[in-house]
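S.K.: Quick one: sequence and predicted model below, then my questions.
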Amino acid sequence: MWVQRAIQFEPRPRGFHLVTKEVLEALPELGEVSVGILHLLIQHTSASLALNENASPDVRRDFATWFDHAVPEDFAWTHTLEGPDDMPAHVKASLLGPALSLPVSCGRLALGTWQGVYLCEHRDHGGPRSLLATLMGE
Amino acid sequence: MWVQRAIQFEPRPRGFHLVTKEVLEALPELGEVSVGILHLLIQHTSASLALNENASPDVRRDFATWFDHAVPEDFAWTHTLEGPDDMPAHVKASLLGPALSLPVSCGRLALGTWQGVYLCEHRDHGGPRSLLATLMGE
Amino acid sequence: MWVQRAIQFEPRPRGFHLVTKEVLEALPELGEVSVGILHLLIQHTSASLALNENASPDVRRDFATWFDHAVPEDFAWTHTLEGPDDMPAHVKASLLGPALSLPVSCGRLALGTWQGVYLCEHRDHGGPRSLLATLMGE
């Protein structure tokens, strides 16, 4: 069984956002998969996906603080045409990665208790973001 | 062909640990797959998986040194309730990622000569860790 | 449908290189896949794959500058037998990751407009690099 679906995310502020529920609501077929994989690709180069703590908003804020510190806007960037937040966004996006492959088991995402899907918006005004979801399994 | 199996890892000290052999021993069905993918997810937010040098323990120690330096405990964290090693562990876990997809070829993991699977334990006392392995192929 | 193929890349200088076209040329079967996933693994521990901006060479140069700064050769490394560029290469390789899973849709890679596959060469003289491509789908 293969299902592929585009999911559109509304613009979000720069930061780390929990989107597990939104992803699942777009994929009702997941409930019919006994064993499988859900693959998610964010089709952008300045936003990314991650899988981390789904409870405390502190964790998501601390993610933003650390990434802003480690990949600062004030650096020896040469690609600056699109603004000071652009090149750091590209690097952050590749550190976290554009895709997630998540196991599906008995009609549910088989994540750990504390794991949730993050949409990581690295631009100040990133606009809407497109995700392509590919579900495979039996 | 789809096989899914939970693998439990005993508690390990903070650091980078080679677990290729343990993963393979838990999946005898891999020997019957001519072409496929083995997907591994660590179901935690403060430990991760990586694929790197399988020979020298120096490499794994240097990984730990660099990650402790780049994501220090002494930082502007706000999520500190679970101890000083907790928030750095979340960030390290997402830098390395919670999952690996590895090709299977002729009944074997088709890795490079020097590649091995690392369990990256980022907590001081992380306890046992759960992995969910999903094997697909023909 | 499963296809698996080894792709050999000629030696490239240290840095970030766009290889989308080369990967696609090696996989003519991709044109027959209506929904699927292309999995790519670089079978080395000091080179990696990434998915980022496919237009400006500035972006790829800035990637190299940031990674050289964040994972410097002058650090408390103990694994130095293979030269000062070796241990940083291992860490960079794991930060970016050895594999990519990319969705296939209607016979094409379903990437965003600006996304391209990078071969990230972290060694000064990395030599030829082997990629194993696994294509699955229907």
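M.R.: Good, I have the coordinates.
S.K.: What is the neighbour count of whichever residue of chain A sits closest to chain C?
M.R.: Minimum separation of chain A from chain C (CB to the nearest CB) falls at residue A:43, amounting to 3.1 Å. For every residue, glycine as well, the C-beta is placed using N, CA and C. Using other CB atoms under 10 Å in any protein chain shown, residue A:43 is surrounded by 19 other residues.
S.K.: centroid residue for chain A?
M.R.: residue A:49 (2.2 Å; CA atoms, centre = their mean).
S.K.: and that one, what helix or strand is that in?
M.R.: Per DSSP states H and E: residue A:49 is located in strand A:47-53.
S.K.: thinking again about what came up before, can you tell me the SS state at the residue nearest to the residue nearest to the centre of chain A when sequence neighbours are not counted?
M.R.: In space, residue A:49 comes closest to residue A:100 once its chain neighbours are excluded; the distance is 4.8 Å by CB to CB, 6 or more residues apart in numbering or on different chains. Secondary structure, DSSP: H, G, I helix; E, B strand; the rest coil: residue A:100 is strand.
S.K.: How about the contacts made by residue A:100?
M.R.: Counting by CB atoms under 8 Å, 6 or more residues apart in numbering or on different chains, residue A:100 makes contact with A:39-40, A:49-51, A:117, B:99.
S.K.: between those, which is nearest residue B:31?
M.R.: residue B:99 (22.7 Å; CB to CB).
S.K.: Mind listing the residues bridging to the closest one?
M.R.: Residue B:99 forms beta bridges with residue B:41, as assigned by DSSP bridges.
S.K.: Show me the strands in chain A, by range?
M.R.: A:2-9, A:15-18, A:35-42, A:47-53, A:99-105, A:108-109, A:115-121, A:129-137 (DSSP state E).
S.K.: Could I get the CA-only coordinates of the top helix by length along chain A as PDB?
M.R.: When chain A is parsed with DSSP state H, its longest helix is helix A:57-70. In PDB, the C-alpha atoms belonging to helix A:57-70 read as follows (Å, rounded to 0.1, in the frame of the first residue of the first chain):
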ATOM      1  CA  PRO A  57       7.300  24.500  25.300                       C
ATOM      2  CA  ASP A  58      10.600  25.300  27.200                       C
ATOM      3  CA  VAL A  59      12.400  22.600  25.200                       C
ATOM      4  CA  ARG A  60      11.300  24.100  21.900                       C
ATOM      5  CA  ARG A  61      12.400  27.600  23.000                       C
ATOM      6  CA  ASP A  62      15.800  26.200  24.100                       C
ATOM      7  CA  PHE A  63      16.200  24.600  20.700                       C
ATOM      8  CA  ALA A  64      15.700  28.000  19.100                       C
ATOM      9  CA  THR A  65      18.200  29.600  21.500                       C
ATOM     10  CA  TRP A  66      20.900  27.100  20.900                       C
ATOM     11  CA  PHE A  67      20.500  27.000  17.100                       C
ATOM     12  CA  ASP A  68      20.600  30.800  17.000                       C
ATOM     13  CA  HIS A  69      23.800  30.800  19.100                       C
ATOM     14  CA  ALA A  70      25.500  28.000  17.100                       C
END
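S.K.: what helices or strands is that helix leaning on?
M.R.: strand A:15-18, strand A:47-53, helix A:86-96, strand A:115-121, helix B:86-96 (3 or more CB pairs under 8 Å, 6 or more residues apart in numbering or on different chains; DSSP states H and E).
S.K.: packing partners for the first one?
M.R.: Taking 3+ CB pairs under 8 Å, 6+ apart as the contact definition, the neighbouring helices and strands of strand A:15-18 are helix A:57-70, strand A:115-121.
S.K.: What sits closest to the residue in chain A sticking out farthest from the centre if chain neighbours are left out?
M.R.: No residue in chain A sits farther from the centre than residue A:76, which is 27.0 Å out by CA atoms, centre = their mean. In this structure, residue A:76 finds its nearest non-sequential neighbour in residue C:65, 5.7 Å apart by CB to CB, 6+ apart.
S.K.: Might one say that that neighbour is in contact with residue A:71?
M.R.: No: look at residue C:65 against residue A:71 with CB atoms under 8 Å: they stay out of range, at 11.5 Å.
S.K.: Comparing the two, which residue is more hemmed in?
M.R.: When residue C:65 and residue A:71 are compared for neighbours, residue A:71 comes out ahead with 19 against 15, by other CB under 10 Å.
S.K.: Perfect, I'm done here.
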